[in-house]
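Engineer: generate coordinates for the sequence data below:
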Amino acid sequence: MELDIFVVDAFTDKQFGGNSAAVVPVEDWLTVDLMQSIAIENNLPETAFIKPVDANHYQIRWFSPITEIDFCGHATLAAAHVLFNQLGCVGDVCFETVKVGELTVKQLEACSGAANSKTDQAIEMSFPNLKPEIVEAVPNALTAGLSITPKAVLKNQQAYFAVMDSAADVVNLEYQSELLALLAPLDVVVTSQADAASEYDFISRYFWPANGGDEDPVTGSIHAGLAPYWSEQLNKTELAAYQASTRGGKLRCRVSDDRVFVSGCGNLYLKGKIYV
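Structural biologist: Residues are numbered from 1 along each chain as shown. Sure thing, here's the model as predicted:
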């Protein structure tokens, strides 16, 4: 069997930044074992498989090298980038998911520095609002696994949210994967308000040793929780976010009642064939 494969750097306006995802279009679902094996072989944070339902309507599934994932933002952006720029989709795209409902995706303005303004456009994704709630009893594995004690801890269905006093705390924080892995199935995001002179409203880092790896370069899905939290804290509905990993990622967020709109740019790195 021969399959097309694309690799896209998501949430960045330059190559070799943001978060990489593989995108594999299929006509029918492969077996779970085969999709997992392909994700392991790709050895990227996520591999997205997309299956057409009808015009501009696709089912999507995401696999890390460890397991199938309930919700992944950067691989959704990568899949949309491939559909718009490589496979000829015009107009809004609807992705059907198992765990988080339908995700509508559309193109916006050209990305800064884009070589081709007709194709290199930012992509906006509509996510469910997954605002976190305060945790009264903070797990010992969380506080022991982070080198800096958070000032508050919240939780949603995806992760614990460790809120830090400053951006410096987020950037300088060290973590112990073996302890954070004990929080499975939940991951951990650390976050703070950005510095006053920054172009961003808030920053974050994301650790997911239980589900994918140590530190995720850019995590679109967690902004479905981060954006509502910081929207309340900062009293604004449109926010600029930065994920402060080694590769770094830029996101724009807009909060509207039960939806969170997350947008960013993508860059195609590779297209080729898989032989299985």
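Engineer: and for G17, the neighbour number?
Structural biologist: For G17, the count of nearby residues is 21 (other CB atoms under 10 Å). For glycine as for every other residue, the C-beta is placed from the backbone atoms N, C-alpha and C.
Engineer: so what does it look like in phi/psi?
Structural biologist: In this entry, G17 is assigned phi and psi values of phi -120, psi -180 (degrees, to the nearest 10).
Engineer: wait, what's in contact with the closest residue to it other than its chain neighbours?
Structural biologist: On the basis of CB to CB, 6 or more residues apart in numbering, the spatially nearest residue to G17 that is not a chain neighbour turns out to be R247, at 5.2 Å. The contact partners of R247, taken as CB atoms under 8 Å, 6 or more residues apart in numbering, are 12, 16-19, 217-218.
Engineer: nearest to D165, of those?
Structural biologist: Each of the contacts of R247 was checked against D165 using CB to CB; the closest is V218, at 23.2 Å.
Engineer: pLDDT wise, what is the closest one at?
Structural biologist: pLDDT recorded at V218 is 95.
Engineer: then K14?
Structural biologist: We have a pLDDT of 86 for K14.
Engineer: so how far is W230 from it?
Structural biologist: Note on K14: its distance to W230, by CB to CB, to the nearest Å, is 25 Å.
Engineer: quick one, which of the two is more surrounded?
Structural biologist: In this comparison of K14 against W230, neighbours counted by other CB under 10 Å, the higher total goes to W230 at 24 against 13.
Engineer: next, that one: secondary structure please.
Structural biologist: When classified by DSSP: H, G, I helix; E, B strand; the rest coil, W230 comes out as helix.
Engineer: begin at 9, not 1, for the rest of this chat.
Structural biologist: In the new numbering, first residue 9, that becomes W238.
Engineer: with distance to C80 added, can I get the contacts of R255 in JSON lines?
Structural biologist: Rendered in JSON lines, the data for the contacts of R255 read as follows (distance: CB to CB, whole Å):
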{"residue": "T20", "distance to C80": "16"}
{"residue": "F24", "distance to C80": "20"}
{"residue": "G25", "distance to C80": "18"}
{"residue": "G26", "distance to C80": "14"}
{"residue": "N27", "distance to C80": "10"}
{"residue": "P225", "distance to C80": "13"}
{"residue": "V226", "distance to C80": "11"}
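Engineer: just these now: which is nearest P136?
Structural biologist: Ranked by distance to P136 (CB to CB), the contacts of R255 are led by V226 at 19.3 Å.
Engineer: spatially nearest residue to that closest one, not counting backbone neighbours?
Structural biologist: Across the structure, with CB to CB, 6+ apart as the measure, the residue nearest V226 apart from its sequence neighbours is G257 (2.9 Å).
Engineer: ok, what's across the strand from the one you found?
Structural biologist: Bridge pairing for G257 (DSSP bridges) gives the partners Q251.
Engineer: what ranges do the strands span in the stretch 159-284 of the chain?
Structural biologist: Secondary structure of the stretch 159-284 of the chain (DSSP state E, counting those that start in this stretch): strands located at 160-163, 167-171, 195-201, 210-216, 221-224, 246-251, 257-264, 267-272, 274-283.
Engineer: now render those strands as a markdown table, adding distance to F14 and mean neighbour count.
Structural biologist: Formatted as a markdown table, the entries for the strands of the stretch 159-284 of the chain read as follows, by distance: least, CB to CB, whole Å; neighbours: other CB atoms under 10 Å:
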| stretch | distance to F14 | mean neighbour count |
| --- | --- | --- |
| strand 160-163 | 34 | 18 |
| strand 167-171 | 28 | 25 |
| strand 195-201 | 26 | 24 |
| strand 210-216 | 23 | 25 |
| strand 221-224 | 20 | 18 |
| strand 246-251 | 22 | 21 |
| strand 257-264 | 19 | 21 |
| strand 267-272 | 17 | 23 |
| strand 274-283 | 5 | 14 |
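Engineer: cheers, nothing more for now.
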